[in-house]
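**Q** Sequence plus predicted model, see below.
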Amino acid sequence: MTSDAGLLLPRELGERLGLGTLVERHLSDPRTGRNAQFPLADLLRQSIYGRLAGYEDTNDAERAALPRTDSVERGPGSASGARPRSRRLILDIDSSESPVHGTQEQSAYNGHFESVCYHPLFVFNPEGDCLAAKLRPGNVHSAEGWDEILLPIIDRYRRRRRRVVGRADAAFARPEIYETLERRRVRYAIRLPANDVLERRIEDLLTRPRGRPSRAPLVRYRSFDYQAASWDRPRRVVAKTEHHLGDCSPGSASSSQRSRGRTGPWSASTTSAAPPSNGSRRARPRPTGPAFPVTASGPTRSDCSSE
């Protein structure tokens with residue numbers, strides 16, 4: 001049983017009216033290349049059904065294609081279209097811009113977004129579903145009130161025996177966030193801003209090796225322990241550099257990470273840790289200079305082993 005039957009009724013109506021046959025009869029496909037994967041009628045049908053379901057574009061087409069209804073009863077050996085649920089859950093926390101066009105209460109100018117806006121805070125799961133949202137004044141820091149929105153979600157999923165991993169961008173690279181998550185034994189990956197100390201640790205990775213460059217990006221990693229002046233302990237940092245064909249300098253990103261497994265940090269041009277389809281934060285132009293990715297991960301290995 002389900003309360004979300006999706007587009008079963010519009011589809012049945014379309015089949016009874018013969019819309020698919022009308023499309024095939026009266027519309028010709030102008031594509032002549034070999035890369036066409038789907039018939040024109042199917043593409044038009046998807047576009048119409050997507051708008052009926054409230055999607056303005058096809059960003060959510062892959063997620064919306066998952067089964068929306070289940071049988072009333074399933075036997076032990078029956079097949080299900082749903083993917084198996086992992087015990088590990090990644091939670092992305094990020095702020096966003098909600099511009100206003102008047103004098104709404106608590107709206108304010110935000111220098112980062114260069115607009116008068118609200119500055120809401122969101123938590124997303126890996127599928128892009130919004131788990132929590134908090135409306136905030138436009139001039140607050142990106143991480144303001146992070147604990148009020150993220151910690152209750154972490155506690156709720158941990159009561160369900162899920163392994164929670166937190167992920168955020170450089171606006172959340174604050175010692176109090178690291179320490180709070182570590183006290184709860186929650187792994188995290190948080191991007192770090194670049195500084196001279198971190199850049200010196202990966203100085204040899206910033207030069208492309210000699211020889212003819214390949215068309216594929218050259219990606220290199222380095223892991224080391226690092227302790228900023230405001231930190232109470234060293235944390236593991238994973239640096240990632242990327243050399244692209246035609247680039248004069250490498251691009252990279254930085255994140256602070258407590259996960260023992262390898263997690264890729266975000267690229268310098270990425271401004272949001274959440275999936276792009278949720279509209280979390282509008283993209284900024286790619287920086288002219290390199291930003292060096294360094295991933296700081298919780299306590300050092302010796303500290304982790306003592307937990």
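**A** Alright, I've got the coordinates.

**Q** Can you tell me how far Leu19 is from Gly145?
**A** 49 Å (C-beta to C-beta, to the nearest Å). Heads up, the C-betas are built off the backbone N, CA and C, glycines and all.

**Q** Compare these two and say which is more crowded by neighbours.
**A** Leu19 (17 against 13; other C-beta atoms under 10 Å).

**Q** any idea whether the residue nearest to Gly166 when sequence neighbours are not counted is helix, strand or coil?
**A** Leaving aside its sequence neighbours, Gly166 sits nearest to Tyr188 (C-beta to C-beta, 6 or more residues apart in numbering; 4.0 Å). Judged by DSSP: H, G, I helix; E, B strand; the rest coil, the three-state class of Tyr188 is strand.

**Q** Ser223 is in what secondary structure piece?
**A** strand 218-226 (DSSP states H and E).

**Q** Show me the strands in the stretch 151-300 of the chain, by range?
**A** Under the criterion DSSP state E, counting those that start in this stretch, strands of the stretch 151-300 of the chain are mapped to 163-168, 187-191, 218-226, 235-243, 251-253, 255-257, 294-297.

**Q** Comparing the ones you listed by mean pLDDT, which bottoms out?
**A** Among the strands of the stretch 151-300 of the chain, strand 294-297 has the lowest mean pLDDT, at a mean of 45.

**Q** low pLDDT regions in the stretch 1-150 of the chain?
**A** Applying pLDDT under 70 to the stretch 1-150 of the chain flags the ranges 1-6, 58-85.

**Q** My error: substitute the stretch 151-300 of the chain in the last question.
**A** 247-300.

**Q** Please, where are all the helices along it?
**A** Ranges of helices in the stretch 151-300 of the chain, per DSSP state H, counting those that start in this stretch, are 175-183, 196-201.

**Q** for the first one, packing partners?
**A** When contacts are defined as 3 or more C-beta pairs under 8 Å, 6 or more residues apart in numbering; DSSP states H and E, helix 175-183 sits against helix 146-159, strand 187-191.

**Q** now it against helix 146-159, angle please.
**A** Put simply, helix 175-183 runs at 10 degrees to helix 146-159, going by axes from the mean of the first three to the mean of the last three C-alpha atoms, to 10 degrees.

**Q** any idea of the angle helix 175-183 forms with strand 187-191?
**A** 160 degrees.

**Q** Pull helix 175-183 out as PDB, backbone CA atoms only.
**A** Presented in PDB, the C-alpha positions along helix 175-183 are these (Å, rounded to 0.1, in the frame of the first residue of the first chain):
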ATOM      1  CA  PRO A 175      37.300  23.300  16.000                       C
ATOM      2  CA  GLU A 176      34.000  23.100  18.000                       C
ATOM      3  CA  ILE A 177      32.400  21.200  15.200                       C
ATOM      4  CA  TYR A 178      35.300  18.700  15.100                       C
ATOM      5  CA  GLU A 179      35.200  18.200  18.800                       C
ATOM      6  CA  THR A 180      31.500  17.800  19.100                       C
ATOM      7  CA  LEU A 181      31.400  15.100  16.400                       C
ATOM      8  CA  GLU A 182      34.400  13.300  17.900                       C
ATOM      9  CA  ARG A 183      32.700  13.200  21.300                       C
END
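
**Q** quick one on the thing from earlier: most tightly packed of the helices and strands packed on helix 175-183?
**A** strand 187-191 (a mean of 26; mean count of other C-beta atoms under 10 Å).

**Q** quick one: the residue nearest to Gly166 from Val116, how far?
**A** 32 Å.

**Q** Then Pro39?
**A** Counting by C-beta to C-beta, the gap from Pro39 to Val116 is 47 Å.

**Q** Please say which of these two ends up with more neighbours.
**A** Using other C-beta under 10 Å, the more surrounded residue of Pro39 and Val116 is Val116, with 17 against 13.

**Q** Look up the closest residue to that one, ignoring the ones flanking it.
**A** Per C-beta to C-beta, 6+ apart, closest to Val116 is Tyr109, 5.2 Å.

**Q** In a strand, the one you found, correct?
**A** Yes. Membership of Tyr109 in a strand is supported by three-state DSSP.

**Q** what about it, distance to Gly138?
**A** For Tyr109, the distance to Gly138 - C-beta to C-beta - is 7 Å.
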